[in-house]
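Enquirer: here is my input, please return the structure:
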Amino acid sequence: LKRLRRPPAAAASTDRNVNLDIGERVHVTEWQPDGSATVSYRGAQWSARYAGDGVPSPGAHVIRAIDGSRLLLVR
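Expert: So this is what the prediction gives:
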């Protein structure tokens, strides 16, 4: 029998089929020098870290992944 080859599964922390927060938008008012921020999302304050290229700037960002209780954001 020929086995079906499946592509490797995406990590649950970055898979929208597992975590519906992936792809949602948040607004960052201020970034700290270390690339971290605190954002309001779903009625609570979340710790966030910039996971994009370059220097982060305030404004709208997209949740790329979740690392524990920290949102990883990109532009």
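Enquirer: ok, longest strand in this protein?
Expert: If each strand of the chain is counted by residues according to DSSP state E, the longest one is strand 59-67.
Enquirer: buried residues, that one. List them.
Expert: Counting neighbours by 16 or more other Cβ atoms under 10 Å, one finds that the buried residues in strand 59-67 are His61, Val62, Ile63, Arg64, Ala65, Ile66. For the C-beta atoms, the positions are set from N, CA and C on the backbone; glycine is no exception.
Enquirer: before we move on, what about stretch 20-31?
Expert: Of the residues in stretch 20-31, those scored as buried under the neighbour-count criterion (16+ other Cβ under 10 Å) are Ile22, Val26, Val28, Trp31.
Enquirer: quick one: contacts for the first one?
Expert: Contact partners of Ile22, counting by Cβ atoms under 8 Å, 6 or more residues apart in numbering, are Thr14, Asp15, Arg16, Ile63, Arg64, Ala65, Ile66.
Enquirer: for Arg75, state which of the residues you listed is nearest.
Expert: Sorting the contacts of Ile22 by how near they are to Arg75, with Cβ to Cβ, puts Arg64 at the top with 10.0 Å.
Enquirer: could you pull up the residues touching the closest one?
Expert: When the contact criterion is Cβ under 8 Å, 6+ apart, the partners of Arg64 are Thr14, Ile22, Ala51, Gly52, Leu72, Leu73, Val74.
Enquirer: now the phi/psi pair for Val39, please.
Expert: The phi/psi pair for Val39 (degrees, to the nearest 10) reads phi -130, psi 150.
Enquirer: how near is it to Asn17?
Expert: 23 Å (Cβ to Cβ, to the nearest Å).
Enquirer: comparing the two, which residue is more hemmed in?
Expert: Between Val39 and Asn17, counted using other Cβ atoms under 10 Å, Val39 has the larger neighbour count: 18 against 9.
Enquirer: contacting residues around the more buried one?
Expert: Val39 is in contact with Val26, His27, Val28, Gln45, Trp46, Ala48, Leu71, Leu73, counting by Cβ under 8 Å, 6+ apart.
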